[in-house]
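Whatever this is, show me its structure:
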Amino acid sequence: MAELKIEFFGSPALRRKAKEVVEIDDELRTLIAGMYEAMYEAEGVGLAGPQVGVSKRVLVIDVKEEAHPRFTLINPKIVDLGKETEKDEEGCLSIPGVSALVERFTTVTVEALDEHGQPFRLEAEGLLARCIQHEVDHLDGVLFIDHLSALKRSMLVKKYKSTQAEEASGSRDRPPARRSG
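Reported below is the predicted structural model:
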(Lines give C-alpha, C1' and ligand atoms only; values in the text may rest on other atoms or scores of the structure.)
Protein backbone atom coordinates (compact mmCIF):
# COMPACT_ATOMS: atom_id res chain seq x y z
CA MET A 1 0.00 0.00 0.00
CA ALA A 2 1.22 3.48 -0.79
CA GLU A 3 2.05 5.70 2.16
CA LEU A 4 -1.07 7.34 3.54
CA LYS A 5 -1.20 11.12 3.72
CA ILE A 6 -3.07 12.93 6.46
CA GLU A 7 -5.83 15.23 5.23
CA PHE A 8 -5.67 18.76 6.60
CA PHE A 9 -8.31 21.26 7.67
CA GLY A 10 -10.29 22.38 4.63
CA SER A 11 -10.34 18.92 3.03
CA PRO A 12 -13.91 17.84 2.22
CA ALA A 13 -13.00 14.30 3.40
CA LEU A 14 -12.91 15.57 6.99
CA ARG A 15 -16.51 16.79 6.87
CA ARG A 16 -18.17 13.69 5.40
CA LYS A 17 -19.78 11.00 7.53
CA ALA A 18 -17.79 7.81 6.99
CA LYS A 19 -19.46 4.66 5.69
CA GLU A 20 -19.87 1.48 7.71
CA VAL A 21 -17.30 -1.21 7.02
CA VAL A 22 -19.07 -4.10 5.34
CA GLU A 23 -16.20 -6.56 4.93
CA ILE A 24 -13.11 -7.06 7.03
CA ASP A 25 -10.53 -8.35 4.58
CA ASP A 26 -6.84 -8.06 3.74
CA GLU A 27 -7.43 -4.72 2.00
CA LEU A 28 -8.89 -3.27 5.21
CA ARG A 29 -6.08 -4.74 7.32
CA THR A 30 -3.55 -3.15 4.94
CA LEU A 31 -5.34 0.18 5.39
CA ILE A 32 -5.20 -0.25 9.17
CA ALA A 33 -1.45 -0.97 9.06
CA GLY A 34 -0.95 2.15 6.95
CA MET A 35 -3.02 4.20 9.41
CA TYR A 36 -0.80 3.10 12.29
CA GLU A 37 2.28 4.09 10.28
CA ALA A 38 0.81 7.51 9.44
CA MET A 39 -0.25 8.09 13.06
CA TYR A 40 3.18 7.19 14.44
CA GLU A 41 4.96 9.25 11.76
CA ALA A 42 2.88 12.29 12.79
CA GLU A 43 3.41 11.51 16.49
CA GLY A 44 -0.30 11.21 17.18
CA VAL A 45 -2.29 9.00 19.53
CA GLY A 46 -5.29 8.37 17.27
CA LEU A 47 -6.28 8.47 13.60
CA ALA A 48 -9.59 7.91 11.80
CA GLY A 49 -10.24 6.77 8.22
CA PRO A 50 -11.46 10.17 6.98
CA GLN A 51 -8.18 11.72 8.12
CA VAL A 52 -6.37 9.70 5.46
CA GLY A 53 -9.09 10.34 2.86
CA VAL A 54 -10.86 6.99 3.36
CA SER A 55 -14.60 7.09 4.04
CA LYS A 56 -14.68 4.02 6.27
CA ARG A 57 -15.69 3.79 9.92
CA VAL A 58 -12.32 2.62 11.13
CA LEU A 59 -9.91 4.18 13.59
CA VAL A 60 -6.66 3.33 15.31
CA ILE A 61 -5.56 4.39 18.79
CA ASP A 62 -2.36 4.14 20.78
CA VAL A 63 -2.32 6.36 23.87
CA LYS A 64 0.82 4.58 25.00
CA GLU A 65 -0.69 3.25 28.22
CA GLU A 66 0.40 -0.16 29.45
CA ALA A 67 -3.18 -1.12 30.32
CA HIS A 68 -4.31 -0.29 26.77
CA PRO A 69 -1.90 -1.31 24.03
CA ARG A 70 -2.69 -0.04 20.55
CA PHE A 71 -5.99 -1.17 19.10
CA THR A 72 -8.34 -0.77 16.17
CA LEU A 73 -12.04 0.03 16.26
CA ILE A 74 -14.18 -0.85 13.24
CA ASN A 75 -17.74 0.52 13.11
CA PRO A 76 -17.43 1.88 16.67
CA LYS A 77 -20.54 2.93 18.55
CA ILE A 78 -20.39 4.86 21.76
CA VAL A 79 -23.01 3.15 23.90
CA ASP A 80 -22.53 5.03 27.16
CA LEU A 81 -21.09 8.36 28.19
CA GLY A 82 -20.26 8.99 31.82
CA LYS A 83 -22.00 11.60 33.88
CA GLU A 84 -19.00 13.86 34.43
CA THR A 85 -17.19 16.05 31.95
CA GLU A 86 -13.91 17.90 32.04
CA LYS A 87 -12.07 20.37 29.89
CA ASP A 88 -8.59 19.48 28.69
CA GLU A 89 -6.22 20.58 25.97
CA GLU A 90 -6.90 18.90 22.65
CA GLY A 91 -5.21 19.07 19.26
CA CYS A 92 -5.56 17.22 15.99
CA LEU A 93 -3.25 15.76 13.35
CA SER A 94 -5.51 17.31 10.70
CA ILE A 95 -5.22 20.80 12.23
CA PRO A 96 -1.56 20.94 13.27
CA GLY A 97 -0.21 23.83 15.27
CA VAL A 98 -3.35 24.67 17.23
CA SER A 99 -5.02 23.30 20.34
CA ALA A 100 -7.79 24.31 22.67
CA LEU A 101 -9.59 23.34 25.84
CA VAL A 102 -12.40 20.98 24.83
CA GLU A 103 -15.06 19.62 27.15
CA ARG A 104 -15.51 15.85 26.89
CA PHE A 105 -17.00 13.09 29.02
CA THR A 106 -14.47 11.60 31.43
CA THR A 107 -15.64 8.03 30.80
CA VAL A 108 -17.01 6.32 27.73
CA THR A 109 -18.09 2.82 26.72
CA VAL A 110 -17.66 1.84 23.10
CA GLU A 111 -18.62 -1.28 21.15
CA ALA A 112 -16.80 -2.15 17.93
CA LEU A 113 -15.20 -4.88 15.87
CA ASP A 114 -11.47 -5.55 15.97
CA GLU A 115 -9.40 -6.06 12.82
CA HIS A 116 -10.31 -9.77 12.84
CA GLY A 117 -14.04 -9.03 12.90
CA GLN A 118 -14.47 -9.95 16.56
CA PRO A 119 -16.90 -7.76 18.53
CA PHE A 120 -15.65 -6.18 21.73
CA ARG A 121 -16.72 -3.65 24.33
CA LEU A 122 -14.34 -1.23 25.99
CA GLU A 123 -14.88 1.01 28.98
CA ALA A 124 -12.39 3.87 28.96
CA GLU A 125 -11.51 6.88 31.07
CA GLY A 126 -9.07 9.76 30.98
CA LEU A 127 -6.96 10.29 27.86
CA LEU A 128 -8.26 7.10 26.26
CA ALA A 129 -11.90 8.19 26.68
CA ARG A 130 -11.05 11.61 25.24
CA CYS A 131 -9.24 10.04 22.29
CA ILE A 132 -12.11 7.68 21.49
CA GLN A 133 -14.61 10.56 21.50
CA HIS A 134 -12.29 12.68 19.31
CA GLU A 135 -11.78 9.89 16.74
CA VAL A 136 -15.44 8.83 16.62
CA ASP A 137 -16.26 12.50 15.96
CA HIS A 138 -13.99 12.29 12.89
CA LEU A 139 -16.09 9.39 11.60
CA ASP A 140 -19.10 11.69 11.76
CA GLY A 141 -17.39 14.65 10.05
CA VAL A 142 -16.93 16.55 13.31
CA LEU A 143 -13.66 18.28 14.26
CA PHE A 144 -12.57 19.21 17.78
CA ILE A 145 -12.94 22.89 16.89
CA ASP A 146 -16.68 22.28 16.37
CA HIS A 147 -16.97 21.88 20.16
CA LEU A 148 -15.78 25.48 20.68
CA SER A 149 -17.62 28.77 20.62
CA ALA A 150 -17.82 30.47 17.22
CA LEU A 151 -15.35 33.14 18.37
CA LYS A 152 -12.79 30.66 19.71
CA ARG A 153 -13.17 28.50 16.59
CA SER A 154 -12.64 31.52 14.35
CA MET A 155 -9.50 32.51 16.27
CA LEU A 156 -8.05 28.99 16.01
CA VAL A 157 -8.77 28.75 12.28
CA LYS A 158 -7.05 32.11 11.77
CA LYS A 159 -4.05 30.92 13.82
CA TYR A 160 -3.92 27.65 11.86
CA LYS A 161 -3.95 29.45 8.52
CA SER A 162 -1.28 31.85 9.71
CA THR A 163 0.90 28.97 10.95
CA GLN A 164 0.49 27.14 7.65
CA ALA A 165 1.44 30.26 5.68
CA GLU A 166 4.56 30.71 7.83
CA GLU A 167 5.56 27.08 7.39
CA ALA A 168 5.02 27.27 3.64
CA SER A 169 7.36 30.23 3.48
CA GLY A 170 9.91 28.33 5.57
CA SER A 171 10.10 31.03 8.22
CA ARG A 172 9.14 28.89 11.18
CA ASP A 173 10.19 25.59 12.66
CA ARG A 174 7.64 23.99 14.97
CA PRO A 175 8.54 21.05 17.19
CA PRO A 176 6.18 18.09 16.92
CA ALA A 177 3.49 17.74 19.60
CA ARG A 178 1.48 14.73 20.72
CA ARG A 179 -1.97 15.08 19.24
CA SER A 180 -5.11 13.04 18.74
CA GLY A 181 -6.09 12.32 15.20
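
Going along the chain, name the helices of the protein.
For the chain, applying DSSP state H gives helices covering 26-41, 126-139, 150-168.

What's the mean pLDDT across the last one?
By that I understand helix 150-168. In this model, helix 150-168 has a mean pLDDT of 90.

starting at the chain centroid, how far to it?
19 Å (CA atoms, centre = their mean, to the nearest Å).

do the same with the shortest one
Per CA atoms, centre = their mean, the displacement of helix 126-139 from the mean C-alpha position of its chain is 7 Å.

For it, name the packing helices and strands.
Judged by 3 or more CB pairs under 8 Å, 6 or more residues apart in numbering; DSSP states H and E, helix 126-139 is in contact with strand 46-48, strand 58-61, strand 71-81, strand 85-91, strand 99-105, strand 107-113. Every residue, glycine included, has its C-beta placed from N, CA and C.

These into a markdown table, with extra columns for mean neighbour count?
Listed next are these as a markdown table, based on neighbours: other CB atoms under 10 Å:
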| stretch | mean neighbour count |
| --- | --- |
| strand 46-48 | 29 |
| strand 58-61 | 28 |
| strand 71-81 | 17 |
| strand 85-91 | 15 |
| strand 99-105 | 18 |
| strand 107-113 | 19 |
